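Engineer: My questions are about this predicted structure, shown below with the sequence.
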Amino acid sequence: MLRKGSPFTGLSVIAMKEAADHMASIRVLLVMLLVLLTALGAVYGAIGQIKATTSEDPFLFLRLFTIAQEPLPSFVAFLGFLLPLVATALAFDAINGEHGRRTMSRILAQPIYRDAVLVGKFLGGLMVLGICLVTLWLLMTGLGILMLGLPPSGEEVLRGLAFLVVSLAYGGVWLAVALLFSTLFRSPATSALATLTLWLVFSIFWSMLTPLLANAFAPIDVFDQASAVANAQAQQLISRISPNTLYGEMTMALLNPETRALGFVFLSQLQGAVIGAPLPFAQSSLLIWPHLAGMVAALVLVFTIAYVSFQRQEVRA
C-alpha cells in the first residue's frame, strides 16, 4: 500500500513534544544537575590551578577544559564519562515506553507515519542534549571571564564551538544506541541495562581487549621490527572502534593546539617541524575530520538499524 503525503508529516510536533517532556522530566533534570555540579567542580579546580601558574599561555581559556586538579578529573574527562549517561536517560524508553503505556497505536492513528515518530524522538533528545551543552559552554566561558579577568580570543572561541559540535556528535551516538535498544527490547529496564553495558565495555574494558585483539590479527615477531609496528597500528585501529577513543582524540586535537598528529609519527616525518608550536585552527580541524566523519557514520548506522527494526514491528492497540 502506497503512503500518501510526506513520511515526515508531524515531525516537528513529535520533536518539540519530546523535547518539552524531557525538559520537564524529573529524571532528566536530576541527571543534568549531576553533570552541572561535576562540571562546576572541575572548572573551579582548573581555574585555581591556572591562577597558581605564572607562565604565560596564549590558550589560557582552553586550559579550563583540560587541566585537572586532584582528586577531580578535567572537564573533558567528566563530559566524556557523563554524556553517555545523559543520552541513555533521554532515550532508553523512547519507543518501548510508548508500547508500555499503550500510546503508540494512538500516535500512529493520527496522520503521522512511523518515520516521523522515530526521527522526531531522536531529534527531540538531540535538541535537549544540544541545549545542555551550549548552557555548559556559556557557563564555563562566563566563569572564565569573571575569575581569570581575560576574554577568550577568536581562536579559542572557534575551538570551543568545534568542541561543542564534537561533543554533540558523541552524545548523538549514544542517543542512537539507547534508541536502538529501546526499539529492540520491550522492557525499558532491559534497554537501559543494555545501553549501560555497552558503555561500560567501551569506556572500561575496551582498552583491555584491544591488545588481545591486535595480537590475534597482527602477532608480534621478536625478530621482525615491522611486525611490532603493524601490531601497534592494529591496536590503534581497534581502539578507534570505541566512540570514547574517537572523542578523546578529537578533544585533544581541538583543546591542545600543540597536538600535531593523532597517529604514529616517525622521526623522518618530523623533519622541518617546529616541536611545541601550536597548529592553526584549520589544521586542527583537518586533523579531526576523519574521526568526526567516522563518528557521524556510526550514528547514522545505528539509527538506520533502529529505523528498520521499528518499521518492521507490529503495533497493537
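Structural biologist: Thanks, I have the structure now.
Engineer: The helix ranked longest in the chain packs against which elements?
Structural biologist: As assigned by DSSP state H, the longest helix anywhere in the chain is helix 114-148. On a contact count with 3 or more Cβ pairs under 8 Å, 6 or more residues apart in numbering; DSSP states H and E, helix 114-148 meets helix 11-24, helix 26-52, helix 63-66, helix 75-91, helix 104-109, helix 154-184, helix 281-311. (C-beta placed from N, C-alpha, C; glycine too.)
Engineer: of all those helices, which lies closest to Ala232?
Structural biologist: Closest of those to Ala232 is helix 281-311, at 18.3 Å (criterion: Cβ to Cβ).
Engineer: by contact count, what packs against the closest one?
Structural biologist: helix 114-148, helix 154-184, helix 243-255.
Engineer: For Val229, pull up the helix or strand it's in.
Structural biologist: Element membership for Val229 (DSSP states H and E) is helix 225-239.
Engineer: so where's the stretch 1-150 of the chain uncertain?
Structural biologist: 1-5, 7, 48, 51-57, 68 (pLDDT under 70).
Engineer: typo on my end, it should be the stretch 201-317 of the chain
Structural biologist: 263-276, 316-317.
Engineer: my guess is Leu118 contacts Phe310, does it?
Structural biologist: Yes. Leu118 is in contact with Phe310 according to Cβ atoms under 8 Å; the separation is 5.1 Å.
Engineer: any common contacting residues for these two?
Structural biologist: When Cβ atoms under 8 Å, 6 or more residues apart in numbering defines a contact, the residues bordering Leu118 and Phe310 alike are 95, 183.
Engineer: re the thing from before, with only the CA atoms kept, save the helix holding Val229 in CSV.
Structural biologist: The C-alpha trace of helix 225-239 is given here as CSV (Å, rounded to 0.1, in the frame of the first residue of the first chain):
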residue,chain,number,x,y,z
GLN,A,225,60.5,-4.8,13.7
ALA,A,226,57.8,-4.3,11.1
SER,A,227,55.5,-6.7,12.9
ALA,A,228,55.8,-4.6,16.1
VAL,A,229,54.7,-1.5,14.1
ALA,A,230,51.9,-3.4,12.5
ASN,A,231,50.7,-4.6,15.9
ALA,A,232,50.8,-1.1,17.3
GLN,A,233,48.8,0.2,14.3
ALA,A,234,46.3,-2.6,14.7
GLN,A,235,45.9,-1.7,18.3
GLN,A,236,45.2,1.9,17.4
LEU,A,237,42.7,0.9,14.7
ILE,A,238,40.8,-1.4,17.0
SER,A,239,40.8,1.2,19.8
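Engineer: Of all the residues in the longest helix of the chain, which ones are buried?
Structural biologist: Under the neighbour-count criterion of 16 or more other Cβ atoms under 10 Å, helix 114-148 has 114-130, 132-133, 136-137, 140-141, 143-144, 148 buried.
Engineer: How far off centre is the host helix or strand of Leu212?
Structural biologist: Using DSSP H and E, Leu212 falls within helix 206-217. Chain-centre distance of helix 206-217: 23 Å, with Cα atoms, centre = their mean, to the nearest Å.
Engineer: Okay, angle between it and helix 225-239 too, please.
Structural biologist: Computed by axes from the mean of the first three to the mean of the last three Cα atoms, to 10 degrees, the angle separating helix 206-217 from helix 225-239 equals 140 degrees.
Engineer: which one of the helices and strands packed on helix 281-311 lies closest to Ala39?
Structural biologist: helix 114-148 (5.7 Å).
Engineer: how much space between Phe202 and Thr190?
Structural biologist: 19 Å (Cβ to Cβ, to the nearest Å).
Engineer: I appreciate the help and will end here.
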